[in-house]
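Dropping a prediction and its sequence here:
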Amino acid sequence: MKEINITLPDNSVRTFLSGVTPQQVADSIGSGLARAVVVAKVNGVLRDLNHKINENSSLELFTGDSPEGHDTLLHSTAHLMAQAVKELYPDVKITIGPTIENGFYYDFDLEQTFSDEILEKIEHKMKELAKLGQEIIRHEVSTSEAVNIFGKLGETYKVEIIKQINPDDTISMYKQSNFSDLCRGPHVSNTSKIKHFKLLSTSGAYWRGDENNKMLQRIYGTVFSTKDALKAHLYSIEEAKKRDHRKLGKELKLFTFDEEVGPGLPLWLPNGAVIVEELENLAKEYERMGGYDLVRTPHLTKGALYEKSGHLEHYEESMYPAMDVDGTEYYVKPMNCPHHHKIYAAFPKSYRDLPIRLAEYGTCYRYEKSGQLFGLMRVRSLQMNDAHIYCTREQFKGEFLAVCNMYLKYFEIFGIEKYSMRLSLHSAEELGNKYVNEPELWLETEKWVREALIEGGLDFEEVPGEAAFYGPKIDVQVWSAIGKEFTLATNQVDFAVPSKFNLNYIDEDGESKTPLCIHRAPLGTHERFIGFLIEHFGGDFPLWLAPVQAVVLPLSDKFSDYAKLVVKSLKDDGLRVKLNDRADKIGSKIRQAELEKINYMLIVGEKESADGTVSIRKRFEGDLGVKTLDQYKEILNDEIKNRRLAHRKETATETE
Ligand SMILES: [Zn+2]
Ligand SMILES: [Zn+2]
């Protein structure tokens with residue numbers, strides 16, 4: 001047998017006999033790697049560990065914690081689940097079982113409904129099958145052979161899939177014991193490599209997603225390379241359920257939807273309205289410091305304006321139908337931009353007036369299909385933290401940098417530690433077609449944006465060919481405290497619209513010039529951002545955002561009058577305080593306040609009412625001792641004024 005050279009990623013070369021498998025190479029390196037490896041790349045192509053290598057090759061080995069390895073584990077576990085279901089229910093028909101982010105599912109056709117007990121039974125069977133150490137073998141067959149194999153097994157769905165494949169193609173199959181499945185692979189080479197998995201839930205799903213087809217039963221599951229990684233993931237699923245903004249929104253009485261108002265049209269309850277108000281105060285404060293001017297614009301507008309702006313041409317399916325007002329078509333506005341352009345144009349401008357920054361928490365209405373509506377994340381009425389900056393080319397970079405810094409400031413205030421920015425650029429081939437035909441302006445603005453991002457110290461990724469029609473843009477993604485991803489907002493440069501609207505200014509030489517326009521909305525919409533904040537904070541808002549900042553709890557009726565005085569004094573200072581003077585025991589009042597996630601509890605009894613003090617309990621921090629009312633106000637005002645983040649319960653994964 002001939003010898004071949006295997007080159008590893010560190011460029012070391014090892015010699016083996018032809019026919020060596022990636023698993024055997026791993027075995028020769030060390031027992032730890034031999035156990036942990038799940039898949040390999042041979043000359044850059046993903047292969048099973050029992051793939052035979054016959055020529056000099058490069059080899060990369062992946063353990064289950066790499067993206068390649070994890071996907072292979074997920075896929076292999078989906079097959080293991082199908083095998084287990086088939087063993088337990090020989091009548092079942094199997095369909096498809098793809099991987100999804102951090103998980104997999106498989107759809108089955110079976111009379112019996114999968115219950116929680118059945119899921120446990122399947123999981124148990126999977127453990128048994130995994131431990132058998134079944135070898136997983138790939139083989140290739142013609143489509144007609146495959147039809148034959150699955151036909152005999154009565155797997156009609158598989159036959160249907162194969163019949164749609166080009167008959168000249170060969171098909172790869174994976175077999176473990178007597179269970180075969182169609183699959184492109186790769187897979188782990190032995191079921192003993194599948195250890196740390198969990199079946200999560202079931203749901204109904206139509207075959208091929210078509211409601212005219214039969215309803216199948218779907219099982220979701222997941223697998224990880226280590227016990228700790230699986231535990232961490234299960235913990236984050238539980239935590240995400242607890243933090244679901246729809247659930248917390250109801251429990252904390254933040255917002256509601258009403259059938260008679262209409263789907264996708266949220267009603268802010270008093271507690272939610274407090275958060276809206278505080279966010280607007282934050283935006284106004286930073287916009288004032290940033291030299292913005294506030295404007296206000298109507299919700300209704302003539303169709304002619306949207307013809308000019310191009311919305312009716314490009315965006316009509318997201319707009320509500322026109323209404324006839326005295327014979328003229330009017331629309332509810334889907335965006336604030338055209339109105340701000342009109343405000344710019346209301347008076348002649350000179351270079352001395354620029355930059356002009358017009359800000360508004362403008363309410364817009366967008367048509368979302370009812371199936372797309374989702375809590376606060378996808379709604380039909382939205383209030384945007386909108387602003388448009390009109391500036392000269394010389395001013396552009398500084399303006400853009402200031403917007404980036406505003407984002408960073410907000411991330412700091414909200415404790416957003418993980419974010420990413422994507423800079424979408426034009427592509428030269430599409431100029432005049434997909435992109436405004438201004439080649440120099442594109443290159444120039446892209447360069448300024450890039451420089452601003454670098455100077456601002458922001459990490460970003462560049463994506464060519466994804467810009468908006470009228471200029472480069474930045475998309476911002478943020479991650480909540482438990483790692484859930486949200487799209488926050490875009491920040492766009494616009495060099496098409498200002499000329500469409502005849503916006504201009506007179507420059508130093510008396511010439512008329514067109515300004516550049518930046519659209520920005522760092523806090524996105526109230527709806528989406530508050531949805532994000534609810535999940536990010538898990539409902540434990542920092543004091544400045546908290547709907548109720550403190551509750552006063554008298555130890556008994558006798559101290560009600562003093563408690564009322566405390567409430568009044570704090571309210572007079574602008575604090576959001578309430579009284580709980582119900583006849584319940586103090587312990588149950590404290591529990592109630594904890595359920596409502598109120599930041600401070602002020603307990604008052606004999607001593608406090610005699611001394612003019614309060615006994616303070618802070619959420620997650622416990623007893624802070626007795627303070628005079630003035631001392632307490634000072635603590636509160638400091639925390640609010642500096643918009644301090646609440647000291648939160650440890651949300652990191654606990655491993656036992
Ligand atoms: Zn597969
Ligand atoms: Zn805009």
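Done, it's in. Ligands and ions are numbered 1, 2, ... in the order given.

Could you give the number of residues near the nearest residue to residue 297 once chain neighbours are set aside?
Spatial nearest neighbour of residue 297, excluding adjacent residues (C-beta to C-beta, 6 or more residues apart in numbering): residue 339 at 3.8 Å. For every residue, glycine as well, the C-beta is placed using N, CA and C. Residues near residue 339, counting by other C-beta atoms under 10 Å, number 22.

What score does residue 339 have for pLDDT?
pLDDT for residue 339: 96.

Now do the same contact list for it.
For residue 339, the contact set (C-beta atoms under 8 Å, 6 or more residues apart in numbering) comprises 295, 297-298, 301, 305, 333, 362.

Can you tell me which of those residues is nearest ligand 2?
Nearest to ligand 2 among the contacts of residue 339: residue 362, at 9.4 Å, using C-beta to the ion.

May I have stretch 69-76 exported as CSV, CA atoms only?
In CSV, the C-alpha atoms belonging to stretch 69-76 read as follows (Å, rounded to 0.1, in the frame of the first residue of the first chain):
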residue,chain,number,x,y,z
GLY,A,69,-18.8,20.1,14.3
HIS,A,70,-22.0,21.4,16.0
ASP,A,71,-24.0,21.3,12.8
THR,A,72,-22.8,17.7,12.2
LEU,A,73,-23.8,16.7,15.8
LEU,A,74,-27.2,18.4,15.3
HIS,A,75,-27.8,16.6,12.1
SER,A,76,-26.7,13.2,13.4
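
one step back: would you mind stating the distance between the residue nearest to residue 297 and ligand 1?
Per C-beta to the ion, to the nearest Å, residue 339 is found 54 Å from ligand 1.

tell me which element that residue is part of?
Assigned by DSSP states H and E, residue 339 belongs to helix 337-345.

Just the ones in helices from the contacts of residue 339, please.
residue 305 (DSSP state H).

list the contacts for residue 136?
Residue 136 touches 48, 76, 79, 174-176, 187-191, counting by C-beta under 8 Å, 6+ apart.

And what about residue 279, helix, strand or coil?
helix (DSSP: H, G, I helix; E, B strand; the rest coil).

Also residue 437?
coil.

And residue 144, how close does it get to residue 171?
In this view, residue 144 and residue 171 are 10 Å apart by C-beta to C-beta, to the nearest Å.

Which one's more surrounded, these two?
Neighbour totals were compared for residue 144 and residue 171, and residue 171 leads with 20 against 11 (other C-beta under 10 Å).

Show me what the more buried one bridges to in the sheet.
Counting by DSSP bridges, residue 171 forms beta bridges with residue 141.

Looks to me like residue 442 is in a helix.
Yes: the assignment for residue 442 is a helix, going by three-state DSSP.

which ones are touching it?
Counting by C-beta under 8 Å, 6+ apart, residue 442 makes contact with 425-426, 431, 435-436, 467, 471-472.

That one and ligand 1, how far apart?
The gap separating residue 442 from ligand 1 is 44 Å, by C-beta to the ion.

Close to ligand 1: what parts of the chain are there?
Within the chain, the positions lying close to ligand 1 (C-beta under 5 Å from the ion) are 75, 183.

care to break the chain down by domain?
Here the domain assignment for the chain is 3-63, 68-229, 267-298+336-537, 550-641, based on automatic domain parsing.

Which of the contacts of residue 136 ranks first by neighbour count?
For the contacts of residue 136, neighbours were counted by other C-beta under 10 Å; the highest total belongs to residue 76, with 31 neighbours.

my read is it is in a strand, agree?
No: read with three-state DSSP, residue 76 is helix and lies in no strand.

neighbours around the closest residue to ligand 2 within the stretch 1-150 of the chain, how many?
In the stretch 1-150 of the chain, the residue that lies nearest ligand 2 is residue 101 (31.8 Å; C-beta to the ion). As a burial measure, residue 101 scores 7 neighbours (other C-beta under 10 Å).

Over to residue 518?
For residue 518, the neighbour count with other C-beta under 10 Å is 23.

Can you point out the buried residues in stretch 341-354?
341, 343-344, 349, 351, 354 (16 or more other C-beta atoms under 10 Å).

Residue 119: which of those is nearest?
Checking the buried residues of stretch 341-354 against residue 119 with C-beta to C-beta, the nearest one is residue 341 at 57.1 Å.

The closest one and ligand 2: what is the separation?
Using C-beta to the ion, residue 341 is found at 9 Å from ligand 2.

Mind pulling up the pLDDT for the residue nearest to that residue when sequence neighbours are not counted?
Leaving aside its sequence neighbours, residue 341 sits nearest to residue 501 (C-beta to C-beta, 6+ apart; 4.4 Å). For residue 501, the pLDDT comes out at 92.

wait, doesn't residue 501 sit right on residue 338?
Yes: counting by C-beta atoms under 8 Å, residue 338 is a contact partner of residue 501 at 7.5 Å.

Quick check: which ranges of the protein have low pLDDT?
Applying pLDDT under 70 to the chain flags residues 647-656.

Out of the contacts of residue 136, flag the one nearest to residue 616.
Closest to residue 616, out of all of the contacts of residue 136 and judged by C-beta to C-beta, is residue 76, at 55.4 Å.

Apply the buried test to the contacts of residue 442 and list what passes.
Neighbour-count burial (16+ other C-beta under 10 Å) applied to the contacts of residue 442 gives 425-426, 435-436, 467, 471-472.

and these, which two are the farthest apart?
Top of the distance list for the buried ones among the contacts of residue 442 (C-beta to C-beta): 425 and 436, 13.3 Å.

Kindly provide the distance from the residue of the chain found nearest ligand 1 to ligand 2.
Relative to ligand 1, the nearest point of the chain is residue 183 (3.1 Å; C-beta to the ion). For residue 183, the distance to ligand 2 equals 47 Å [C-beta to the ion].

likewise residue 516?
13 Å.

List the contacts of residue 527.
266, 376-377, 379, 381-383.

Next: residue 98.
78, 104-105 are the contacts of residue 98 under C-beta under 8 Å, 6+ apart.

Could you do residue 536 as well?
Counting by C-beta under 8 Å, 6+ apart, residue 536 has contacts 414-416, 480-481.

The residues you listed, buried ones only, as a ChimeraX selection?
Selection of buried members from these for ChimeraX, criterion 16+ other C-beta under 10 Å:
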select :414,416,480,481
